[in-house]
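> Below are the sequence and a predicted model; questions follow.
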Amino acid sequence: MENNEKGGIYDSMMDISKCKVNEQRLNMIDNILNNSKDIIYYYQVSPERKFIYLSKSVEAVLGHSLDLNYENPLYVFENAHPDDVLKLERKASGEMDYSKSVITRWKHKDGNYLWMEDYPIPIYDEGGKLVGVQGICRDISQKVELEEKLKYLTSHDVFTGLRNRAYFDEQLKICNNTNNTPIGLIICDLDNLKVINDSFGHDKGDLLIKNTSNLLLNLSDENKVIARLGGDEFGILIKETSEFDVIDICKKLNTIISIYNTENKNFIIKLSIGHAFSEASLNTVDDVFKRADTNMYIDKKRNK
């Protein structure tokens, strides 16, 4: 066999070997992409919108058919949360800052929304026109849920569901230093908690606190901050109000308690209530709080 022929056969064998290696590599990459817990995509936006590539992981993450996404390029927009569609449109039209991630909500096949964090990379043609977007989307629902829980814990009293003392004090600080508004303060204190604890045990005392908290929540609206200030002490901050309204809220609270006690004669709530009002909140909050607290103790003495 001539050397040239041998060389040709050798080169052919090498080419075949390279093809097999490349095929193995491609299969390996495809396997990695399809088994990833993240959704990897290349979405063409010009001349027409369509997926050039979408990893099969979309089926595992969102439950939607891979073929359906290829067949309907707008399917992802149709299944986004209505409040997040504009974010997706900005991503596809080049109107966003691609140096930052995009957090949107996508509907799972079961109807629930998942929080997805997307890291998009814009693709431009030689003329600088946006022709596509590629990136990786990750399900961060558990992370968002944890953040929401932590946020809740920093501002709420876990035992009662009311706002906590730290949040209440922060709102007072804002009214005192930043936002000048007519404010009312109502300070409440349970009169019979110690008696309940001593006579029936702390479980009954805890129930009394929870029942009182539930009654206070009936007064809740966007202008009120209702908080548990201590063991058996509660506070209500009312913004954008009038003295008449503050007094009316105290009357409503007494009425609610009276109705409750009529229906629960063996486990009544005795609540001392004090209120105060100021036309302006700047630099007056401490005084308003002291007056409300003093009026609460006056009511407590009256109840005794």
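Nice, I can see it.

> which residue is nearest the centroid of the protein?
By Cα atoms, centre = their mean, the chain has its centre lying nearest to Glu148, at 4.6 Å.

> How far off centre is the helix or strand hosting that one?
Element membership for Glu148 (DSSP states H and E) is helix 141-155. Put simply, helix 141-155 sits 7 Å off its chain's centre (Cα atoms, centre = their mean, to the nearest Å).

> helices or strands next to it in the packing?
Judged by 3 or more Cβ pairs under 8 Å, 6 or more residues apart in numbering; DSSP states H and E, the packing partners of helix 141-155 are strand 113-124, helix 165-177. Backbone N, C-alpha and C define where each C-beta goes, glycine included.

> between that helix and strand 113-124, how many degrees?
Between helix 141-155 and strand 113-124, the angle comes out at 120 degrees (axes from the mean of the first three to the mean of the last three Cα atoms, to 10 degrees).

> what's in contact with helix 141-155?
With contacts defined as Cβ atoms under 8 Å, 6 or more residues apart in numbering, helix 141-155 is touched by Leu114, Trp115, Arg163, Asn164, Ala166, Tyr167.

> correct me, but the third one touches Asp157?
Yes. Applying Cβ atoms under 8 Å as the test, Arg163 and Asp157 come out as touching, 6.9 Å apart.

> any residues in contact with both of these two?
With Cβ under 8 Å, 6+ apart, Arg163 and Asp157 have common neighbours Ala227, Arg228.

> if you go through the stretch 1-150 of the chain in chain order, where are the strands?
For the stretch 1-150 of the chain, the strands defined by DSSP state E, counting those that start in this stretch occupy 39-44, 50-54, 102-107, 113-124, 130-139.

> related to what we said a few turns ago, would you mind giving the helices and strands packed on helix 141-155 as TSV with mean neighbour count, distance to Phe267 and mean pLDDT added?
Converted to TSV, the helices and strands packed on helix 141-155 look like this (neighbours: other Cβ atoms under 10 Å; distance: least, Cβ to Cβ, whole Å; pLDDT from 0 to 100):
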stretch	mean neighbour count	distance to Phe267	mean pLDDT
strand 113-124	17	42	95
helix 165-177	17	26	96
